[in-house]
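Peer 1: 3D model of this:
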Amino acid sequence: MSNKKSFGFFYKEKSNNGDEHAEFVAHINVWNVSDKSGLPFIDFGLLIKNYKALDSVVFTAPFQIDSENVDDLSHILKENEIQLIF
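Peer 2: Numbers count the residues shown, from 1 in each chain. Predicted coordinates for the structure are as follows:
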């Protein structure tokens, strides 16, 4: 478990980018919708422009996150729905 008390988002750009730099739009949403568990969940969304300029992206949380509790929603959301969030 992390001893940090906040969320963090870090990235490293590739060294051979030239003038190309990544740009980010980040959203954090708490959803309280009916699903199988009936529990609210947190949605962390990143919209990355020029993502190919990145070498790595790291997200940290002040608590342990088990991989079975992480879902990639990008394949579920349609372009119009993503525009509502971003």
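
Peer 1: Paired strands for the helix or strand where Phe9 lies, with orientation please.
Peer 2: Counting by DSSP states H and E, the element that carries Phe9 is strand 8-13. Its sheet considered, strand 8-13 pairs with strand 54-60 (antiparallel) by DSSP bridges.

Peer 1: just how off-centre is the strand it pairs with within its chain?
Peer 2: Centroid separation between strand 54-60 and its chain, computed with C-alpha atoms, centre = their mean, to the nearest Å, is 10 Å.

Peer 1: buried ones in it?
Peer 2: Counting neighbours by 16 or more other C-beta atoms under 10 Å, one finds that the buried residues in strand 54-60 are Leu54. No exception for glycine: its C-beta is placed from N, CA and C like everyone else's.

Peer 1: could you pull out the helices for this structure?
Peer 2: Taking DSSP state H, the helices of the chain run over residues 79-85.
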